[in-house]
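Visitor: take this sequence and fold it.
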Amino acid sequence: MTTPRIVVTGIGASSPLGGTAPESWTALLDGVSGARALEHDWVAEYELPVTFAAEAAVRPDTVLERPIAKRLDPASQFALVAAREAWADAGEPDVEPERLGVDFATGIGGVWTLLDAWDTLRESGPRRVMPMTVPMLMPNAAAAAVSMHLGARAYARTVASACASSTESIVNALEHLRLGLADVVIAGGAESAVHPITVAAFASMQALSRRNEDPEHASRPYSVDRDGFVMGEGAAALVLEREDHARARGAKIYAVVAGGGVTADSHHITAPEPEGLGASRAVRLALESGGLDVADVTHINAHATSTPTGDIAEYRALLSVFGDRVHDIPVSATKASTGHLLGGTGALEALFTVLALQERVAPPTINLTTQDPDIPLRVSSDALPLDGTDHVAITNSFGFGGHNAVAAFTAV
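Guide: Down below sits the predicted model:
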């Protein structure tokens, strides 16, 4: 049986760079940074050692109708905003509910709802805790909200694989579509965890940049002076469907989802396997599942969190897959602009990868002043044209727990 081609027909995003996918993409190409000082009383109240993050450019509760927003945690609000944009962008496909699926990921889930409820319990007692607390804090709340909004009944699934979550959701969606379990799937991820406890916790483990005086330049993938990641928030969504289904309804097609690979390091709860062995297997699996060769790849959207150990482990993984050719492939490290959206980051970077293929341009990597000589990748502070027509791109996502997920896309 011939494996059906799966294509991307709709995109949506709410990110630190913009309230929509086009706004986010334009700001990315313009070299904008989404990082800024946090203007919340709790920064000083808790004497947080990190006082900045890449908060979303547009608050989701200003976009959604009030009755809807008040019943959703901010993470689910972001998910619904991005999903609605992607669905509209795809032309609102006419698909039977039983053939429409949702695969929406998160790394942490409704942390604001959970901790606000804890504060309410301590200060006012159990009678004041909202009845909707559990439905709002549960990790699958975003997938449920998107499913109910669209009437999707094929399935509604949630992946929680830390920072690999939403790339894994895209791979899951690809597999479901190839197996004929759905005709259309909306896949993505969301996170809203810029909260005092998460900022304090990530700072405690020395994972965050401490450049409090210069937030816009704090995320510095591949720089010799990188000192940690910048927390981000938001969501991104992609509408995936079988190519024959898309063409039958005259849909525009952004790119082909060619393959995906998911592996585990089984090494350490937070540190990547130093040689990137699990990561390199995920890259190879993504290419193999799409019938692609390493020589086909012309662009890489790297995980590149700006941590000292993570960036070099990813480089070693890429070097083991591509050999010296990796030094000639245009690489984009877009977290330099967006910060790290945790469970939502893979979907946003997949969206950027799709647009890079469509517009034949590798987005710039900002804040790279002196590149680490141990990571001699082809990274540019300016957008790089992708010449020619036959392009293949991969996007990498790796998460705490040793989760690795890679998606491969081809241009149309």
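
Visitor: flag the shaky bits of the chain, pLDDT-wise.
Guide: 1 (pLDDT under 70).

Visitor: if we go to 90?
Guide: In the predicted model of the chain, residues 1-3, 387-389 satisfy pLDDT under 90.

Visitor: how far away is the nearest residue to residue 96 once chain neighbours are set aside from residue 102?
Guide: Counting by Cβ to Cβ, 6 or more residues apart in numbering, residue 96 lies nearest to residue 183, which is 7.5 Å off, once chain neighbours are set aside. C-beta here means a position set from N, CA and C on the backbone, and glycine is covered the same way. Applying Cβ to Cβ, to the nearest Å, the value for residue 183 to residue 102 is 13 Å.

Visitor: one step back: residues near the residue nearest to residue 96, how many?
Guide: Residue 183: 19 surrounding residues under other Cβ atoms under 10 Å.

Visitor: ok, it touching residue 243?
Guide: No. Residue 183 sits out of contact with residue 243 when judged by Cβ atoms under 8 Å, with a separation of 11.1 Å.

Visitor: ok, residue 273 touching residue 402?
Guide: Yes. If you go by Cβ under 8 Å, residue 273 and residue 402 touch, sitting 7.1 Å apart.

Visitor: give me the common contacts of these two.
Guide: Shared contacts of residue 273 and residue 402 (Cβ atoms under 8 Å, 6 or more residues apart in numbering): 265, 267.

Visitor: what ranges does the stretch 301-412 of the chain have for its strands?
Guide: Applying DSSP state E, counting those that start in this stretch to the stretch 301-412 of the chain gives strands spanning 330-332, 361-362, 378-379, 384-385, 392-399, 403-410.

Visitor: how much does the last one deviate in direction from strand 392-399?
Guide: This means strand 403-410. Here the directions of strand 403-410 and strand 392-399 differ by 170 degrees (axes from the mean of the first three to the mean of the last three Cα atoms, to 10 degrees).

Visitor: now do the buried residues in stretch 148-166.
Guide: For stretch 148-166, the neighbour count (16 or more other Cβ atoms under 10 Å) marks 149-150, 152-166 as buried.

Visitor: now swap in stretch 39-54 and tell me
Guide: Across stretch 39-54, burial judged by 16+ other Cβ under 10 Å covers 40, 43, 48, 50-54.

Visitor: in which helix or strand would I find residue 103?
Guide: Using DSSP states H and E, residue 103 maps to strand 100-105.

Visitor: just how off-centre is the following helix or strand past that strand within its chain?
Guide: As assigned by DSSP H and E, the chain's next helix or strand after strand 100-105 is helix 111-124. Its chain's C-alpha centre and that of helix 111-124 lie 28 Å apart, by Cα atoms, centre = their mean, to the nearest Å.

Visitor: which strands and helices sit next to helix 111-124?
Guide: Helix 111-124 sits against helix 74-89, helix 133-137, helix 196-204, with contacts defined as 3 or more Cβ pairs under 8 Å, 6 or more residues apart in numbering; DSSP states H and E.

Visitor: next, the angle from the helix or strand immediately after the last one in the chain to helix 74-89.
Guide: Toward the C-terminal end, the helix or strand that comes next after helix 196-204 (DSSP H and E) is strand 234-242. Taking the same axes, to 10 degrees, strand 234-242 and helix 74-89 form an angle of 40 degrees between their directions.

Visitor: what lines up beside strand 234-242 in the sheet?
Guide: strand 6-14 (antiparallel), strand 184-191 (antiparallel) (DSSP bridges).

Visitor: please state the offset of it from the chain centre?
Guide: 11 Å.

Visitor: okay, buried residues for it please.
Guide: For strand 234-242, by 16+ other Cβ under 10 Å, it's 234-242.

Visitor: list the beta-bridge partners for residue 255.
Guide: Beta-bridge partners recorded for residue 255 (DSSP bridges): residue 8.

Visitor: list the contacts of residue 200.
Guide: Counting by Cβ under 8 Å, 6+ apart, residue 200 makes contact with 46, 48-49.

Visitor: could you find the closest non-adjacent residue to residue 195?
Guide: The shortest distance from residue 195 to any non-neighbouring residue, by Cβ to Cβ, 6+ apart, is to residue 111 (5.5 Å).

Visitor: give me the number of residues near that neighbour?
Guide: Burial of residue 111 is recorded as 21 neighbouring residues (other Cβ under 10 Å).

Visitor: check contacts around it.
Guide: So residue 111 contacts 73, 75, 137, 192-193, 195, 197-198 (Cβ under 8 Å, 6+ apart).

Visitor: now the buried members of those.
Guide: The neighbour count (16+ other Cβ under 10 Å) marks 73, 75, 137, 192-193, 195, 198 as buried among the contacts of residue 111.

Visitor: about what we covered before: could you check the angle helix 74-89 makes with the strand holding residue 103?
Guide: Using the same axes, to 10 degrees: strand 100-105 against helix 74-89 is 140 degrees.

Visitor: report the strands that pair with strand 100-105, each with its relative direction.
Guide: Under the criterion DSSP bridges, strand 100-105 sits next to strand 155-157 (parallel), strand 184-191 (parallel) in its sheet.

Visitor: keeping just the C-alphas, turn that strand into PDB.
Guide: Taking C-alpha atoms only, strand 100-105 is exported to PDB below (Å, rounded to 0.1, in the frame of the first residue of the first chain):
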ATOM      1  CA  LEU A 100     -10.800  15.100  12.500                       C
ATOM      2  CA  GLY A 101      -8.100  14.700  15.200                       C
ATOM      3  CA  VAL A 102      -6.300  16.900  17.700                       C
ATOM      4  CA  ASP A 103      -2.800  16.300  19.000                       C
ATOM      5  CA  PHE A 104      -1.900  19.200  21.300                       C
ATOM      6  CA  ALA A 105       1.100  19.100  23.700                       C
END
